[in-house]
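1. here's my sequence, what's the structure:
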Amino acid sequence: MRAVIQRVSNASVEIEGRLTAKIGPGLLIYLGITKADSDNDAEFIADKMVNLRIFSDENGKMNRSIQEIGGQILLISNFTLYGDCRKGRRPGFDNAAQPALAEKLYEKTGHFIVEKGIKLQKGIFGANMQVSSINDGPVTFILDSCRLF
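-> Numbers count the residues shown, from 1 in each chain. Presented below is the predicted three-dimensional model:
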């Protein structure tokens, strides 16, 4: 499982011109799921997202988690995080999970986030979404449940 995490002032999702989700200060998270992922990966990555200390404390140092600031998360499914661009000119998606598994683990990740007391908004799995955000910092991190980086 792979996540691109952006600290945002606000973020929103529109689908077919209709606002479907919106958050204030918090995290915009793009989540990609691979064939080999399981509930354990969902739990690991949700825990990491919620406890990552990437918000400023009173001294301006990144020392607070989303839990500590009372922020929100906007979770967006994004299979292109497993796009392989090493060969040719068109990405390959052989490592991305099939939709049924990906949706199950996307929902499971959201469940684990909510269990930790975080207010969660989500995009709609598999939909063509227009995502808007104001990146705060900018602060952007990449997580991988295989601990590749």
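2. so how far is Lys48 from Arg147?
-> Note on Arg147: its distance to Lys48, by CB to CB, to the nearest Å, is 10 Å. The C-beta positions use only the backbone N, C-alpha and C, and glycine is treated the same way.
3. again but with Glu68, I slipped
-> Counting by CB to CB, the gap from Glu68 to Lys48 is 15 Å.
4. when those two are compared, which one has more neighbours?
-> Per other CB atoms under 10 Å, whichever of Glu68 and Lys48 has more neighbours is Lys48, with 17 against 12.
5. can you show me the strands along the chain?
-> Secondary structure of the chain by DSSP state E: the strands cover 2-15, 18-23, 26-32, 55-56, 62-64, 72-77, 119-122, 130-144.
6. the fourth one pairs with which strands?
-> Each strand pairing with strand 55-56, determined using DSSP bridges, is listed with its direction: strand 62-64 (antiparallel).
7. where in this structure is pLDDT low?
-> Residues of the chain meeting the criterion pLDDT under 70: none.
8. let's see that with 80 instead.
-> 149 (pLDDT under 80).
9. pick out the residue nearest the middle of it.
-> Centrality entry for the chain: nearest residue to the mean C-alpha point is Ile29, 2.3 Å, by CA atoms, centre = their mean.
10. what spatial separation is found between that residue and Gly60?
-> With distances taken as CB to CB, Ile29 is found 24 Å from Gly60.
11. also Lys122?
-> Lys122 is 31 Å from Gly60, by CB to CB.
12. would you mind telling me which of these two has more residues around it?
-> Using other CB under 10 Å as the criterion, Lys122 and Gly60 rank with Lys122 on top: 20 against 7.
13. pretty sure that one contacts Lys22?
-> No - contact criterion CB atoms under 8 Å: Lys122 and Lys22 do not qualify, at 11.5 Å.
14. what is in contact with those two at once?
-> Leu74 (CB atoms under 8 Å, 6 or more residues apart in numbering).
15. what sits against the residue lying closest to Gly71 once chain neighbours are set aside?
-> Leaving out its chain neighbours, the residue that sits closest to Gly71 by CB to CB, 6 or more residues apart in numbering is Gly26, at 3.4 Å. Neighbouring residues of Gly26 by CB under 8 Å, 6+ apart: Arg7, Val8, Ala11, Ile66, Ile69, Gly71, Gln72, Ile73, Leu74, Lys119.
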